[in-house]
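Chemist: With the sequence up front, the predicted model follows.
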Amino acid sequence: MIINGFASLGAWGWIAFAAVLLVAEIVVPGYFLIWLGAAAAITGVIFLLLPDASWQVQAGVFAALALASVVAWFRFAWSRNSDASDQPHLNERSGTIVGQEFVIDEPIQAGRGRVRIADTVWAVTGPDCASGTRVRVKRIDGTTLVVEPA
């Protein structure tokens, strides 16, 4: 049944298949079906010019074009999606706090206290310190800052 479908597909069938894939890409975005749709459209155009090609040749051309377009897209996308960023902690603001110095709001007693950073009050752990003492953030443990006297 599938073989008969390929055999009767023809150039306009490939172009219609391309249209279906492109519409599917709009409905289910992800930048994958667009490349299969482009491969189907190119296959259709090729076989408008070569109408006597067998279904095996048509399927092979489509497979080769689909593979080439998907591989090219992923190479392009990964080359542009490098890990180098001028703001590596953009979505993890707490990462920018490590190494910074702040003034204790509530004294650290029994290893626990509080510090205000901008508009947020953070729980801190560290050696006992009086209110007003400058501390440096060593690391972050969940939502608690681990500090040491600066």
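Modeler: Perfect, thanks for sending it. Numbering: from 1, shown residues only.

Chemist: Would you mind measuring from residue 67 to residue 23?
Modeler: From residue 67 across to residue 23, the span is 22 Å (CB to CB, to the nearest Å). Backbone N, C-alpha and C define where each C-beta goes, glycine included.

Chemist: pLDDT score assigned to the residue lying closest to residue 48 once chain neighbours are set aside?
Modeler: If the residues on either side of it in the chain are set aside, residue 48 comes closest to residue 11, at 4.2 Å by CB to CB, 6 or more residues apart in numbering. The score at residue 11 is 90. That number is its pLDDT.

Chemist: can you give me the strands in this structure?
Modeler: 101-109, 112-117, 120-125, 134-141, 144-149 (DSSP state E).

Chemist: Export only the CA atoms of the fourth one, formatted as CSV.
Modeler: Taking only C-alpha atoms (Å, rounded to 0.1, in the frame of the first residue of the first chain), the coordinates of strand 134-141 have been written out as CSV:
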residue,chain,number,x,y,z
ARG,A,134,30.3,42.7,56.5
VAL,A,135,30.2,39.2,55.2
ARG,A,136,31.3,37.5,52.0
VAL,A,137,29.1,34.8,50.3
LYS,A,138,31.1,31.6,49.9
ARG,A,139,28.4,29.5,48.3
ILE,A,140,24.7,29.0,48.0
ASP,A,141,23.0,26.0,49.6
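
Chemist: residues of it that come out buried?
Modeler: By neighbour count, and taking 16 or more other CB atoms under 10 Å as the criterion, the buried residues in strand 134-141 are 135, 137.

Chemist: now the angle from it to strand 101-109?
Modeler: Using axes from the mean of the first three to the mean of the last three CA atoms, to 10 degrees, the interaxial angle of strand 134-141 with respect to strand 101-109 works out to 80 degrees.

Chemist: who's in contact with the residue nearest to residue 48?
Modeler: 44-45, 47-48, 51 (CB atoms under 8 Å, 6 or more residues apart in numbering).

Chemist: okay, who's weakest in the residues you listed by pLDDT?
Modeler: Comparing the contacts of residue 11 by pLDDT, residue 51 comes last, at 87.

Chemist: Grab the nearest non-local neighbour of that residue.
Modeler: Taking CB to CB, 6+ apart as the measure, residue 51 lies nearest to residue 11, with 6.5 Å between them; neighbours along the chain are not counted.

Chemist: ok, back up a step: now mean pLDDT and distance to residue 60 too, for the strands of the chain, in a markdown table please.
Modeler: Compiled in a markdown table, the strands of the chain are given as follows (pLDDT from 0 to 100; distance: least, CB to CB, whole Å):
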| stretch | mean pLDDT | distance to residue 60 |
| --- | --- | --- |
| strand 101-109 | 92 | 65 |
| strand 112-117 | 92 | 62 |
| strand 120-125 | 92 | 60 |
| strand 134-141 | 93 | 55 |
| strand 144-149 | 93 | 61 |
